[in-house]
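Peer 1: just coords:
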């Protein structure tokens, strides 16, 4: 995914949760990305706020949001059910951007012009850019209403952020019993050339395959 596609996923949600660290503890608040370009994703806050201070001290932020219904339903069996949707998250490095920089960008981009107008209306407003980061789109359809599998993960990085994706794998100790394949409700496991393989794009890391493996051959990749 490129930055434009990442921004559009976030923009479709609107209000997002921004997390920072304050004295060793995470703190969250609601904000939004108002623009993007090749340099990253842009957001703003006001300098008297604790949010601003935490951004300046850590120079890092983590953001997430959910597109879809926030209601938790329940099936006939009493278990929770969710309408199809997606979550998206990004974590990365940020820097403050001067009003002059934003004015230059606004000459060709209306989104930045709106940012300039907001700062001019509220002089305490400050702008940041998340200039490099990593994240994931977690597209879920747990009842398989629109496809034959529950989950599709899309991981991304931009502007040189180190890529490290957590996933599970079937290791060399596998005896080929097939219990992991049978036990995976996410259809994330298949047999390829006689070996069982976990597709991390479909894997929820729910642990069912680990629980049923009789020889402990499934673990972190």
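Peer 2: That came through, no problem. This one's a predicted model, so the numbers in the text were calculated from it and none came from an experiment.

Peer 1: the residue nearest to the spatial centre of the chain: what secondary structure?
Peer 2: What sits nearest the mean C-alpha location of the chain, by CA atoms, centre = their mean, is residue 89, with 1.9 Å. Of the three states, residue 89 takes strand according to DSSP: H, G, I helix; E, B strand; the rest coil.

Peer 1: contacts only, for the residue of the chain most remote from its centre.
Peer 2: Relative to the centre of the chain, the most outlying C-alpha is that of residue 175, 35.3 Å out, by CA atoms, centre = their mean. Residues in contact with residue 175 (CB atoms under 8 Å, 6 or more residues apart in numbering) are 214, 215, 217. (Each C-beta comes from the backbone N, C-alpha and C, glycine too.)

Peer 1: gap between it and residue 66?
Peer 2: Separation of residue 175 from residue 66 (CB to CB, to the nearest Å): 40 Å.

Peer 1: circling back: export the contacts of residue 175 as CSV, with columns for pLDDT, distance to residue 191 and secondary structure.
Peer 2: Below are these laid out as CSV (pLDDT from 0 to 100; distance: CB to CB, whole Å; DSSP: H, G, I helix; E, B strand; the rest coil):
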residue, pLDDT, distance to residue 191, secondary structure
214, 97, 17, coil
215, 97, 17, coil
217, 97, 14, coil
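
Peer 1: would you check that the residue nearest to the centre of the chain makes contact with residue 134?
Peer 2: No: the criterion here is CB atoms under 8 Å, and residue 89 misses it with residue 134 at 9.3 Å.

Peer 1: and for residue 119, nearest residue in space, chain neighbours not counted?
Peer 2: For residue 119, ignoring the flanking residues on the chain, the nearest one in space by CB to CB, 6 or more residues apart in numbering is residue 125 at 4.5 Å.

Peer 1: hang on, residue 9 in a strand?
Peer 2: No: assignment of residue 9 by three-state DSSP gives helix, placing it outside any strand.

Peer 1: ok, now how distant is it from residue 200?
Peer 2: 19 Å.

Peer 1: ramachandran angles for residue 200?
Peer 2: phi -60, psi -20 (degrees, to the nearest 10).

Peer 1: which stretches of the chain form strands?
Peer 2: For the chain, the strands defined by DSSP state E occupy 16-22, 25-31, 35-37, 40-46, 60-67, 73-74, 80-81, 85-97, 125-140, 151-158, 168-170, 189-192, 195-198, 218-220.

Peer 1: reformat these as TSV; add distance to residue 4 and mean pLDDT.
Peer 2: As requested, those are exported to TSV (distance: least, CB to CB, whole Å; pLDDT from 0 to 100):
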stretch	distance to residue 4	mean pLDDT
strand 16-22	17	98
strand 25-31	20	98
strand 35-37	6	97
strand 40-46	10	98
strand 60-67	17	98
strand 73-74	34	90
strand 80-81	33	92
strand 85-97	14	98
strand 125-140	14	98
strand 151-158	10	98
strand 168-170	31	97
strand 189-192	33	97
strand 195-198	31	97
strand 218-220	33	96
